[in-house]
Every structure is written in C-alpha cells, then in structure tokens.
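**Student:** sharing a sequence plus its predicted fold:
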Amino acid sequence: MIIMEEQMKENETAIREKSRIGAIIVESIPYIICVLCSFSGAGYFLVSKVSLNKGMSRYVLVTYGFAIGTLSTALLAYLFERKNTSKLTIPVLRNVFFLGLLGALGRTMFYVGLEYTSQTFASAVSNIFPVFTFVLAVLFKMEKLEISKNSTRAKIGGSIVSFAGATILTLYKGMKVLSVHNNTQSSHDQSVTSTRLSFEKDHWIKGSIILVASYFSTAAFYLLQAGTVKIYAAPLNLTTLSCLSGTLLSLIMTAILDHKAASWRLSLDITLLAPFYNGIMIFSLGIYLQTIVMRRKGPVFAMAFSPLSSIFAAIMGILILGDILHLGSVIGATLIIIGLYSILWGKKKEEDMMILERTKANELLDLNEIKAESVKNKSDHLIIN
C-alpha cells in the first residue's frame, strides 16, 4: 500500500510538471511568432528594395504578392478551416473590402517610399508602427488609456524608447565596434552615405512622408483585421479573403497606372524571389500569424515587436553584406530591447489585473448564488413547518 501511494504521488507530481511545462510552451508561442515575423520583416525590406532596384514595377510587385498570398493561404484554409461554420455577413464583407484597400494602398506606398529612400531608412521609419497601433487602438477602444496606471505608462514609455532606439540604430554610426570583413568601405557605409546625400533631394522628403503614410495604413489594416476576426472566427479564411480583395484592387490599380505588358514578366533572379517571399512570408503567413497573436494578446502586443526588424536588418547587413557594427547599432539595439520589455511588462500587468478582476467577479457570483440558495432553503423549510 505504501509503495502504491508513493507511486501515485510520483505520478501526480509528473503530471503537474508536464502541465506546467505545457503551460509555459503555450504562453511562449505568441512571443516566438512575433520574433519570427520581425525576422521575416527584415528580409522583406531587403528583398523588396533589391527587386525594385532591378527595375520591377512597384504595382506589379504588390499584385503578385497578394495573388501568391491568396493561393498559399487558400490552401491552408482548405486544409484546416473547411469545416468552419462562421458566416460571411455584410459587415464581414465590408471589412474585407477595406482590408484589401488598406493593404493595397499601404504596400504600394511602402514600395514608392522605398524607391525614394533606402531599406535602411525604411526600416527605421517602420518602428513608428507601435505608436500608430497604440493611438488607433485607444481611439477605437481596443486598448484602455489610463495614465494613472503603471501598465499604461510602461506601454507609452516603451513605445517611445523602442522608436528612439530603432532610429539611433539606423541613422547614427559612432565608432566602429566589429567588422566581419576587411573591405575598405562596407555596403552599410555606402548606404549611410547615399542616405545622407539623399537628404538634399526632394525625393527623400517625399519618400519619408509616403513611408509614414504607408505604415499608418498598414497599422489600420492590422487593427481592422483584429476587429474582424472577432465577428468572423476563421483567421485563415479571413486572411485569404483579405488577400483576394487586395489582389483585385491592386490589379485595378496596376491596370490604371502601369500599362506595360513587359512589367509582368519575371526573370530567374530576385524579381522572381521577391513576389513569392513577400506573398508567402508577409502577405499570407505573416498576416495570419499576427492575426492569431492579436486575437489572443491584442494589436499593441503584436506590433510592439516590429522594432526588432531593425536589429535583424543590422545583423543581416553585417553577416551577409559585410557591414560594420558601429556603436550606434549597439546603443539602438539596447534601447529597442529595453522598450520592448517595458511594453511587454505593461501588457502582462494588464492581463494579470484582468484575471484578478475576473476571479473576483466569479467569486462574488458564486457567493451570491450560495446566499440565494441558502435563502431558498430557509424559505422552503418555513413553508414545510
């Protein structure tokens, strides 16, 4: 008997340990997804810029990206959500149209701004994402703005610090810290030089304004996607429909603004890789995975990781392009991590408060039910007597 009791205790301990590990894994999934999306976003900047420099039409690149995203997501939707019973209502279809419109406009403006500036500068400006997302989320009551709470202050402060860090990482050099290659002038130096020279040109001003507008449009897209998935609980189907809407609208835009048949031809180089990479990794999987995260953690949490793209872009530049690691990159990366931690700390505090309030509400409800049952029993007892 004693041996059996000890075995039962060991089994219970093992079950609790497995349950705890499983809970940790489930809790870490949104963080892993956001980091991977930031990594793919860094590749998005690089691949898009190189393909545009090769002469690929910005409008065709958007259309191909959405079309490939539609096909890849439709396949996943058929495999995993074909039995989903969510209904396509008029409000859902209306939102799908605006998702396609915001997506097509946002991506097109991004490519225009990227042509006028550089992937380095575009990476820096993209870190305004958390700011736009937080402001829009507050305006549409998807996030609470209570300045008196430490969690809100942490989110606001973290967004500002992350944005400042990403800007420093991209635009400030400082002294040389590390050089993987021995080239006299690295591609990063050339990029910084060309960026500084472009400051004197009107195109740089236009490009920066267009980039900011594109990121605002994309932030609005993700918030609308997060709101729509609440009334249409089929994220893969929703991503497919939004990509299809973006394909049709960008196709119309391309037909109006680019009449050259040669623009649609793809060569066996980066111009072939870019549509597939952008379509699958960004328009399809990226949107779907971020929708899943926003559904669980909210849009501010999902967009808080976007400054990591600047760190990944800097690492890619050092390892692949032979860029030099400067002090500005180290300072910027440190500030990004501090800001991200501040935002995540604020979100965790809010979640803990919500769980505590929900627990108290349930306890109060149970207490009221017990009191009501007690009163009922007393009244029944009096009637019997």
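**Tutor:** Right, received. Where do you want to start? Quick caveat, the model's predicted, so the values are computed rather than measured. Numbering: from 1, shown residues only.
**Student:** need the three-state assignment for Glu143.
**Tutor:** Going by DSSP: H, G, I helix; E, B strand; the rest coil, the secondary structure assigned to Glu143 is coil.
**Student:** okay, now it: neighbour count?
**Tutor:** Neighbourhood size, Glu143 [other CB atoms under 10 Å]: 22. Heads up, the C-betas are built off the backbone N, CA and C, glycines and all.
**Student:** without its sequence neighbours, what residue ends up closest to it?
**Tutor:** Ala137 (3.9 Å; CB to CB, 6 or more residues apart in numbering).
**Student:** how about Ser72?
**Tutor:** Per CB to CB, 6+ apart, closest to Ser72 is Ser284, 4.5 Å.
**Student:** try Phe97
**Tutor:** Ranked by CB to CB, 6+ apart and with sequence neighbours excluded, the top spatial neighbour of Phe97 is Ser245, at 5.8 Å.
**Student:** hang on, that neighbour packs against Arg94?
**Tutor:** No: counting by CB atoms under 8 Å, Ser245 does not reach Arg94; the two are 10.8 Å apart.
**Student:** pretty sure the residue nearest to Glu143 contacts Leu223?
**Tutor:** Yes: applying CB under 8 Å, one finds Ala137 in contact with Leu223, separated by 6.3 Å.
**Student:** joint contacts of these two?
**Tutor:** Common neighbours of Ala137 and Leu223, using CB atoms under 8 Å, 6 or more residues apart in numbering, are Pro299.
**Student:** what about stretch 274-287, start to end distance?
**Tutor:** 17 Å (CA to CA, to the nearest Å).
**Student:** chain center to it: distance?
**Tutor:** Distance of stretch 274-287 from its chain centroid, counting by CA atoms, centre = their mean, to the nearest Å, is 13 Å.
**Student:** need the residues that contact that stretch.
**Tutor:** Outside stretch 274-287, the residues that touch it by CB under 8 Å, 6+ apart are 37, 40-41, 43-44, 47-48, 50-51, 56, 61, 64-70, 72-73, 76, 103, 107, 225, 239, 242-243, 246, 266.
**Student:** which members of those occur in strands, if any?
**Tutor:** Using DSSP state E, no member of the contacts of stretch 274-287 sits in strands.
**Student:** coming back round to it: Ser245 and Arg94: which is more packed in?
**Tutor:** Legend: neighbour count by other CB under 10 Å for Ser245 and Arg94, higher for Ser245 (23 against 11).
**Student:** who are the neighbours in contact with that one?
**Tutor:** By CB under 8 Å, 6+ apart, the contact list for Ser245 reads 96-97, 99-101, 103.
**Student:** let's go with 10 Å and repeat that
**Tutor:** Contact analysis of Ser245 by CB atoms under 10 Å, 6 or more residues apart in numbering lists 66, 70, 93, 95-104.
**Student:** so which of these sit within helices?
**Tutor:** 66, 70, 93, 95-104 (DSSP state H).
**Student:** what subset of the residues you listed is buried?
**Tutor:** Listed as buried from these are 66, 70, 95-96, 99-104; burial here means 16 or more other CB atoms under 10 Å.
**Student:** and those, which is closest to Leu356?
**Tutor:** Asn95 (33.2 Å; CB to CB).
**Student:** all helices of the stretch 51-200 of the chain, in order?
**Tutor:** 58-81, 90-116, 119-125, 129-139, 150-171, 187-198 (DSSP state H, counting those that start in this stretch).
**Student:** among the ones you listed, which is nearest Ile331?
**Tutor:** Within the helices of the stretch 51-200 of the chain, the stretch nearest Ile331 is helix 150-171; the backing value is 5.6 Å (CB to CB).
**Student:** and that closest one, what does it pack onto?
**Tutor:** The contact analysis (3 or more CB pairs under 10 Å, 6 or more residues apart in numbering; DSSP states H and E) places helix 150-171 against helix 119-125, helix 129-139, helix 187-198, helix 299-303, helix 308-319, helix 327-384.
**Student:** stretch 289-298 - what's its average pLDDT?
**Tutor:** Averaging pLDDT along stretch 289-298 yields 88.
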